[in-house]
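> below are the sequence and a predicted model for it; my questions follow.
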Amino acid sequence: AGGGDLYLFRPGIGEAKCLSDLVPGIVRDMAFTADGERLVANYGHGITVVHSVWSGRAPVVLQHEGHYIVDARVFPDSERIITLGAGWRASVWNVTSGDEIQRYDVSRAEGHGGHSVIRLLLGGDAFATGVQGPAFIWDMDKPAPRSLSRSGFRHGKLRFLDASPCGAKLVTMGWDSSIALWSAKDGALEHTFDTPSPWPAVVAISVGGTRVAYATDREVHVWNGRTGELVRRIPMPGGHARIALDAEGDRLFTVTGAAAGIWNVASGERSAVFDGQLNGSVIDMSVSPGSRWIGASVRRLAGGVEADVVVDRGIVWNAHTGNVLHHVEVSHRFAAAHRFSRITVGPTFSMADELVATWQDGRARQ
């Protein structure tokens, strides 16, 4: 997504499908449902849209009455979505019909100070909200929130809130630059990690919370989520890296404006390097479920500033071999490009890759 357009690519199969003809607007972020059948996009003008990937059905538009939707997440069952509105309301929706199933008044959280982030926890049995104030955990079957344990809590107003992909852990970062790891089950503080600098706030967590990583402008720190010990400090000379961890926390994926790499956390060595393939500034990155593929969205000026043209490039690598699997480019006028350039790699991406690889090898396969 970039320059006000949203494109859907199937690697090696036909041309790109432009979804902006159905719903125009700037896409802030997006994600596929777990079954790969739908693409959920949050738009800058405050709506969430469920696009059908394969069937061509009309998109389902979700909207809070009188308020922007500031964040949204997809349930593991691929049938429900939870949204957070600027009016401090959380709603659960049916992705097929667009009907609102359940509603929560998140303004009931004492001292919340405002909510701008929502994350699903415990397989969809709970969710967390926060960032402009303290974080809170909400059980789906209860109207009142659970506050995180204050024992050892050093954050005031949060700068960052995220959950592990399985929803068992919650990671927060305060303006004092400290990072905290919490249990989503009981809200107990498990570990705190001191960071050398509060900027930039780039944090990643593995599926089970076994590893927590933090990127500064010079290096990446990786901690053991079980013991709280620092496992590895990895130099990042390219600066301001986008980072992600694989499911087990054994591999660290990094992309900068100059290169992309895959690191072995235990040894601190790079197992694959993609120097010179980016040729621009990295705006976004995505790792597919199962950590088989890594994608990056890269932006550069075409023909200098006077040309007034921005090129957004999407690159997808095999996360094990480092081979480039897919590469696309979309050009925009600079005035229309804004600052949004997003990429997400879907769960069914590997199926398309196997089909293309088989065809290229010249073997027939039913």
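Perfect, thanks for sending it. Numbering: from 1, shown residues only.
> find the nearest non-adjacent residue to Ile179, please.
Distances taken as CB to CB, 6 or more residues apart in numbering put Phe193 closest to Ile179, at 4.4 Å, once the chain neighbours are dropped. C-betas here are computed from N, CA, C, even on glycine.
> so what's Ile82 up against?
Taking CB atoms under 8 Å, 6 or more residues apart in numbering, we find Ile82 in contact with 72-73, 75, 90-93, 118, 120, 127.
> beta partners for Arg211?
Legend: beta-bridge partners of Arg211 under DSSP bridges are Asn224.
> does it touch His221 like I think?
No. Shown here, Arg211 and His221 do not form a contact pair, counting by CB atoms under 8 Å, at 10.7 Å.
> where along the chain do the helices fall?
334-337, 349-360 (DSSP state H).
> worst mean pLDDT among these?
The weakest mean pLDDT among those belongs to helix 349-360, with a mean of 45.
> on that earlier part again, neighbours of the residue nearest to Ile179, how many?
20 (other CB atoms under 10 Å).
> that one: what's it in contact with?
178-181, 212, 214, 221, 223, 228, 230.
> again, only using 7 Å
Counting by CB atoms under 7 Å, 6 or more residues apart in numbering, Phe193 makes contact with 178-179, 212, 223, 228.
> top of these by number of neighbours, please.
Val212 (26 neighbours).
> touching, that one and Asn224? I think so.
No. Using CB atoms under 7 Å, Val212 is not in contact with Asn224; the gap is 8.3 Å.
> give me the beta-bridge partners of the residue lying closest to Leu301 once chain neighbours are set aside?
Spatial nearest neighbour of Leu301, excluding adjacent residues (CB to CB, 6+ apart): Val310 at 6.3 Å. Under DSSP bridges, the beta-bridge partners of Val310 are Leu301, His332.
> same question for Leu84.
Asp71, Ala90.
> what's around it, how many residues?
27.
> which residues touch it?
Contacts of Leu84 by CB under 7 Å, 6+ apart are 69-71, 90, 115, 118, 129.
> same question, Met173
158-160, 179, 201, 203.
> how about 8 Å then?
Counted by CB under 8 Å, 6+ apart, Met173 has contacts 155, 158-161, 179-180, 195, 201, 203.
> partner residues bridging it?
Phe160, Ile179.
> centroid residue for the protein?
Ser286 (6.7 Å; CA atoms, centre = their mean).
> for it, which residues are in contact?
Counting by CB under 8 Å, 6+ apart, Ser286 has contacts 244, 294-296, 343-345.
> just Arg251 next, same as before
245, 262-265, 271, 291, 319.
> still on that earlier bit, do I have it right that the residue nearest to Leu301 meets Glu329?
No. With contact defined as CB under 8 Å, Val310 does not reach Glu329; the gap is 10.8 Å.
> neighbour count for those two, which is higher?
Val310 (22 against 12).
> coming back round to it: who does the residue nearest to the centre of the chain bridge with?
Here Ser286, judged by DSSP bridges, has bridge partners Gly295.
> now do it against Val316, distance only.
Using CB to CB, to the nearest Å, we find Ser286 at a distance of 9 Å from Val316.
> overlap in contacts of the two?
Common neighbours of Ser286 and Val316 (CB under 8 Å, 6+ apart) are 294-295, 345.
> and of the residues you listed, the nearest to Leu22?
Within the shared contacts of Ser286 and Val316, the smallest distance to Leu22 is 21.8 Å, found for Val345 (CB to CB).
> ranges for the strands of the stretch 1-150 of the chain?
7-8, 17-18, 27-32, 38-43, 48-52, 60-62, 69-74, 80-85, 89-94, 100-105, 117-121, 126-130, 136-139, 145-147 (DSSP state E, counting those that start in this stretch).
> could the contacts of Ser286 be laid out in a markdown table, adding distance to Gln63 and pLDDT?
Below are the contacts of Ser286 laid out as a markdown table (distance: CB to CB, whole Å; pLDDT from 0 to 100):
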| residue | distance to Gln63 | pLDDT |
| --- | --- | --- |
| Ala244 | 31 | 92 |
| Ile294 | 33 | 87 |
| Gly295 | 29 | 87 |
| Ala296 | 31 | 86 |
| Ile343 | 25 | 87 |
| Thr344 | 22 | 88 |
| Val345 | 28 | 87 |
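> top of those by number of neighbours, please.
So for the contacts of Ser286 (other CB under 10 Å), the most neighbours sit at Ile294, 28 neighbours.
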